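> dropping the sequence and predicted coords here.
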Amino acid sequence: MGRRAVLVATTILILGVTSSVSAAAPWTDRGWGRLSAKAYQRSDLCANLPGVQRTVPPGYTKDASGACLPPPMPTPTPTARPPNAVPDPQPGFTRVFTDQFDGTALDPAKWLSYTGTFTSSEGCNEPDNLTVGGGVLTQVFAYQGSGVCGAGWYHGSMVVDRAYGGNNQSVTVRFRVLNDDPATTEAYRIIPMRWPSPIDDGPVPPWYLGEADYCEGSSLDGCSTFLHYRDVDTQVVRRHTFDLTRWHTLRATQRPGNDVEIYLDDMAVPVWSYDGNATTVPDVFRRTVLQQECAGTCPTTRTGSERIEVDFVTIDDHR
Ligand SMILES: [Ca+2]
Ligand SMILES: [Ca+2]
C-alpha cells in the first residue's frame, strides 16, 4: 500500500470517531469514555455534555437519553403551619378555649371587661379601650378628657369567663406592644396573668396565694414572671428578654407537681422551667387576665399612647 492510501484510511478513522462522538453516545457505566481530560476538568459532574459517556456519581441517576440526574431533593416535612398559627396543646392538655379575635367586638361569652381603677396603680379601665378588628384585640393606653373615672389616663383589661378557669392550665398568647412615645408614655402590662378566683360565688381568695404574672413589666425589651405565694412580699421572679414590639407567642404552663414553664415562640423547649411545690405554686382556681395599667403612677403628660395587640389566646386544661 502506498503512502497516499495510508493517509486516506487514517482520515476515515478520525471522521468515524468524530461522527460517533457528536451523536448521542449510548450510556455506559464504564467511565468517562471519550470525554477529553480537558472537558472533564471543565465539566460539572452532572452537566450533560452531548455525546459524553460518564460514570453515574453516587446518588445520581440517569435517564433514557443518558442525561445524568442529581439525586431527588428530599421531600420536605410539611410545615404548612404559618408562624402565627395557633399552636396545638401540649401532650397531656386539652384545649378548652380559643379566641382569635376574628369578630368586631369582644365576645362577652368569653371575656369580662374591667371598668374602673385597680388597687395596684392609678389609671382607669374602660371597656371602650378594648377593641377588636382585623383579627386582633387592641388594648389602648391613652389619656382621655373624660370617661368613667373623669379626665385621666385610661387602659383596657379583661378577665376570661369563669367557665374557662382552672388550676393546672396552659395559656398561650400571641401579642406585641406598640408605644409611640416610650420615654414618657410608660404603661404597665401583664400579658397574660392567671388570677386566683372564686370557683362559684364564694369569697375572693387572697391574690398573693397564687397570682401568676407570666409576663409583667413596662419595658419593651423583656418582661418578668412573678409567681406570688405566702404573703404580699413573697414571689418567685424570672426575667425574660425579648423584643415586645415584635410579634411573639408566649405560653405559660402550670403542670401537676406545681411546676411552671414559660415558652417563647418555640413551643417544644421552654425558656424557663420552675419546679415549684404546693407552697410556691398554690393549687388554686385561676382565671386568665390580660391586664394593662399605669406603672404605679400615670404619665405626667397627656400625649402619647401604647397599644397591646393580641392575635389569639388559647387555654388548655391538664387532663
Ligand atoms: Ca414540683
Ligand atoms: Ca387573630
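Received, thanks. Keep in mind that this is a model prediction, so the values were computed, not measured. Ligands and ions are numbered 1, 2, ... in the order given.

> strands paired with the helix or strand where F141 lies, and their directions?
Following DSSP states H and E, the helix or strand that holds F141 is strand 136-144. Note on strand 136-144: by DSSP bridges, its sheet partners are strand 130-133 (antiparallel), strand 152-155 (antiparallel), strand 305-318 (antiparallel).

> check the closest residue to ligand 2 within the stretch 101-250 of the chain and give its pLDDT.
When scored by C-beta to the ion, the stretch 101-250 of the chain has G135 as its residue closest to ligand 2, at 3.6 Å. (Each C-beta comes from the backbone N, C-alpha and C, glycine too.) At G135, the model reports a pLDDT of 95.

> show me what contacts the residue of the chain found nearest ligand 1?
Relative to ligand 1, the nearest point of the chain is G257 (3.9 Å; C-beta to the ion). Neighbouring residues of G257 by C-beta atoms under 8 Å, 6 or more residues apart in numbering: D275, G276.

> try G276
L227, V236, G257, N258, D259, V260.

> P270 contacts Y263, correct?
Yes: here P270 reaches Y263: they are 5.0 Å apart, a contact under C-beta atoms under 8 Å.

> more crowded one of these two?
Y263 (21 against 16; other C-beta atoms under 10 Å).

> quick one: the strands in the stretch 201-319 of the chain?
Ranges of strands in the stretch 201-319 of the chain, per DSSP state E, counting those that start in this stretch, are 212-217, 222-228, 235-241, 248-255, 259-264, 272-275, 286-294, 305-318.

> among those, which is nearest N168?
strand 305-318 (3.8 Å; C-beta to C-beta).

> now the contacts of G276 in TSV, with pLDDT?
Formatted as TSV, the contacts of G276 follow (pLDDT from 0 to 100):
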residue	pLDDT
L227	98
V236	98
G257	98
N258	98
D259	98
V260	98
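
> just the buried residues of those.
L227, N258, V260 (16 or more other C-beta atoms under 10 Å).

> can you pull out the helices in the chain?
3-22, 37-42 (DSSP state H).

> return the member of those helices having the minimum mean pLDDT.
Among the helices of the chain, helix 37-42 scores lowest, with a mean of 37.

> and G145, what pLDDT?
So G145 comes in at 95 (pLDDT).

> same deal with E186?
86.

> that one contacts G296, doesn't it?
No: at 9.6 Å, E186 does not count as touching G296 under the criterion of C-beta under 8 Å.

> more neighbours, those two?
E186 (20 against 12).

> residues in contact with the more buried one?
Counting by C-beta under 8 Å, 6+ apart, E186 has contacts S218, A295, P299.

> so who does the residue nearest to C149 when sequence neighbours are not counted touch?
Of all residues not flanking C149 in the chain, C124 sits nearest, at 3.5 Å (C-beta to C-beta, 6 or more residues apart in numbering). Residues counted as contacts of C124 (C-beta under 8 Å, 6+ apart) are G116, T117, G147, V148, C149, G152, W153, Y154, H155.

> who wins for neighbours among those?
That'd be H155 among these, by other C-beta under 10 Å, with 27 neighbours.

> who does it bridge with?
N125.

> how near is it to L290?
Separation of H155 from L290 (C-beta to C-beta, to the nearest Å): 11 Å.

> can you pull the residues of the stretch 201-319 of the chain lying near ligand 2?
By C-beta under 5 Å from the ion, the residues of the stretch 201-319 of the chain that approach ligand 2 are D311, F312.

> change it to 8 Å
V310, D311, F312 (C-beta under 8 Å from the ion).

> picking up where we left off before, do you know the pLDDT at the residue nearest to C149?
97.

> what sits against Y143?
A151, G152, W153, Y154, P299, T301, R302, T303.

> neighbours of the fifth one, how many?
Spelled out, it's P299. P299 has 23 nearby residues by other C-beta under 10 Å.

> is it correct that it is in contact with H155?
No: counting by C-beta under 8 Å, P299 does not reach H155; the two are 11.5 Å apart.

> contacting residues for the residue minimising distance to the centre of the chain?
What sits nearest the mean C-alpha location of the chain, by C-alpha atoms, centre = their mean, is D265, with 3.5 Å. Residues near D265 by C-beta under 8 Å, 6+ apart: H248, T249.
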